[in-house]
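Participant: what follows is a protein structure lacking sequence information:
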């Protein structure tokens, strides 16, 4: 029988076991929830960072080696299905990849006959044969359970790693959470108010002393510490005094920095497991450019390469691919392009003849110019083959000598 969130909150401070949970107390369950939240926060931050980057990529489509914008382009860049835009679709795909180490995309049709792509929420792991197509059963998308058995050539099946690293990551996080809980407890104790009481020996000889002392603690001492303003009665035989600040280490030396450092450590090794340089996760400025280059090289490019390979082999096939019909996931659009900051680079790109004006405009996410000259390749006069440059110098020298 499940336990509702309301039951957790109402009874979280009660030491009594929760009905239906065996010997697990509410306090233990609440601590487990707190531990789970921090672990999931680190996981979701890393996944969203990667998904946001992939969502910015342009899925370029080609026919006979020339870029085109038709149905396939629209599916991957705008609307893969009637309920999701491409960004939401890719976020779900990336989340399933990192959460389950694999993801399944199936093609379905709208009642109008238009093709749609959806990410499966769950499916049965197929039996794997070296020379036989895998078969996927029990595919569930939202509230729909497909009775159909999908063959390998009918789906896009992505697998992130050969071995799922998430269980290992969770085990490491649990170890850090134990240290984090200890640090929080140490800080809370040092920041709290602690007193000691000296009891006269005459009082201790009372046979009912233990019971009376316990009642006094529960009825007077605890309410005194829990209240912002309270009165603590002091009886003969009881002498209260506060613990000195340096009895167990000065309270001033206890700060939240140790707690923050341990929480940062959890985010740090989670980021490293995802191939994300920690400086990008923490928002540090120093070394951002190098970290971005490394992240694109070791994380985003391999992930996008796997996505485009699966699309090309399933939705195009060998014959079309070899004829120049394919999808290319362009990761260059991830980095923000400032046209004013890169003005000199734009001039060199166009002036060297490597790119046309429209090529540069597309890279800068600007609208193309519908003119023939914008698609032409231009070359500045100071860039030319060395033999041609030599002839130009020679002719100008001869012309100068004749004029003299």
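Facilitator: Sure thing, it's come through. Source: prediction; values computed, not measured.
Participant: for residue 267, what are its contacts?
Facilitator: Residue 267 sits next to 42, 45, 278, 281-282 when contact means C-beta atoms under 8 Å, 6 or more residues apart in numbering. C-betas here are computed from N, CA, C, even on glycine.
Participant: filter those residues down to just the buried residues.
Facilitator: 42, 281 (16 or more other C-beta atoms under 10 Å).
Participant: select the longest strand from this structure.
Facilitator: The longest strand of the chain (DSSP state E) is strand 102-109.
Participant: so what strands line up beside that strand?
Facilitator: Take DSSP bridges as the rule and strand 102-109 pairs in its sheet with strand 115-119 (antiparallel), strand 155-159 (antiparallel).
Participant: compile these into a markdown table and extend it with columns for mean neighbour count, distance to residue 290 and mean pLDDT.
Facilitator: Putting the strands paired with strand 102-109 into a markdown table (neighbours: other C-beta atoms under 10 Å; distance: least, C-beta to C-beta, whole Å; pLDDT from 0 to 100) gives the following:
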| stretch | mean neighbour count | distance to residue 290 | mean pLDDT |
| --- | --- | --- | --- |
| strand 115-119 | 19 | 34 | 95 |
| strand 155-159 | 18 | 29 | 95 |
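Participant: any chance of those in a markdown table, plus distance to residue 54?
Facilitator: Converted to a markdown table, the strands paired with strand 102-109 look like this (distance: least, C-beta to C-beta, whole Å):
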| stretch | distance to residue 54 |
| --- | --- |
| strand 115-119 | 13 |
| strand 155-159 | 12 |
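Participant: which of those sits closest to residue 368?
Facilitator: strand 115-119 (26.9 Å; C-beta to C-beta).
Participant: need the contact partners of the closest one.
Facilitator: With contacts defined as C-beta under 8 Å, 6+ apart, strand 115-119 is touched by 71, 75, 80-82, 84, 89, 92-93, 96, 103-110, 141, 156.
Participant: what's next to the helix or strand in which residue 290 is found, contact-wise?
Facilitator: Assigned by DSSP states H and E, residue 290 belongs to helix 288-295. Residues outside helix 288-295 that contact it (C-beta under 8 Å, 6+ apart) are 275-277, 279-280, 335.
Participant: please name the bridge partners of residue 84.
Facilitator: Here residue 84 sits in beta bridges with residue 81, as judged by DSSP bridges.
Participant: please begin residue numbering at 6 from this point
Facilitator: OK, 6 is where the count begins now, so the last one is residue 89.
Participant: inside helices: which ones of the contacts of residue 272?
Facilitator: With helices defined by DSSP state H, the entries of the contacts of residue 272 inside them are 47, 50, 283, 286-287.
Participant: tell me which of these is nearest to residue 310?
Facilitator: residue 286 (22.8 Å).
Participant: buried set for stretch 359-378?
Facilitator: 360-368.
Participant: so which residues of this protein form strands?
Facilitator: Taking DSSP E as the criterion, the chain carries its strands at 63-68, 71-73, 107-114, 120-124, 140-141, 145-146, 149-150, 155-156, 160-164, 200-204, 243-247, 331-335.
Participant: closest to residue 313 out of these?
Facilitator: Short answer: strand 331-335, nearest of these by C-beta to C-beta, at 4.6 Å.
Participant: so for the closest one, what gets flagged as buried?
Facilitator: By 16+ other C-beta under 10 Å, the buried positions in strand 331-335 come out as 331-334.
Participant: now the angle from it to strand 63-68?
Facilitator: Between the axes of strand 331-335 and strand 63-68, defined by axes from the mean of the first three to the mean of the last three C-alpha atoms, to 10 degrees, the angle is 150 degrees.
Participant: list the strands paired with strand 331-335, with their directions.
Facilitator: Sheet pairing for strand 331-335, assigned by DSSP bridges, gives strand 63-68 (antiparallel).
Participant: could I get the average pLDDT for the longest strand of the chain?
Facilitator: Averaging pLDDT along strand 107-114 gives 94.
Participant: what's it in contact with?
Facilitator: Taking C-beta under 8 Å, 6+ apart as the rule, strand 107-114 contacts 86, 98, 101-102, 120-125, 128, 141, 144, 146, 151, 155, 159-165.
Participant: buried stuff in it?
Facilitator: For strand 107-114, the neighbour count (16+ other C-beta under 10 Å) marks 108-112 as buried.
Participant: again with stretch 155-171
Facilitator: 155, 160-163, 165.
Participant: from the residues you listed, which is closest to residue 374?
Facilitator: residue 161 (35.7 Å).
Participant: and that closest one, what are its bridge partners?
Facilitator: Assessed by DSSP bridges, residue 161 has beta-bridge partners residue 110.
Participant: contact partners for it?
Facilitator: 109-111, 122, 315-316, 319-320.
Participant: neighbouring contacts of stretch 273-286?
Facilitator: 47-48, 50-52, 54-55, 103, 170, 174, 177-178, 272, 291-293, 296-297, 299-300, 303-304.
Participant: tell me which residues in it are buried?
Facilitator: Those would be 273, 275-276, 278-282, 284-286, for stretch 273-286 by 16+ other C-beta under 10 Å.
Participant: which stretches of the stretch 306-409 of the chain form helices?
Facilitator: Per DSSP state H, counting those that start in this stretch, the stretch 306-409 of the chain carries helices over the ranges 306-316, 322-327, 348-356, 362-368, 377-380, 391-408.
Participant: can you give me the angle the first one makes with strand 107-114?
Facilitator: Looking back up the chat, that one is helix 306-316. Put simply, helix 306-316 runs at 40 degrees to strand 107-114, going by the same axes, to 10 degrees.
Participant: helices or strands next to helix 306-316 in the packing?
Facilitator: Packing contacts for helix 306-316, counted by 3 or more C-beta pairs under 8 Å, 6 or more residues apart in numbering; DSSP states H and E, involve helix 31-61, strand 160-164, strand 331-335.
Participant: I appreciate the help and will end here.
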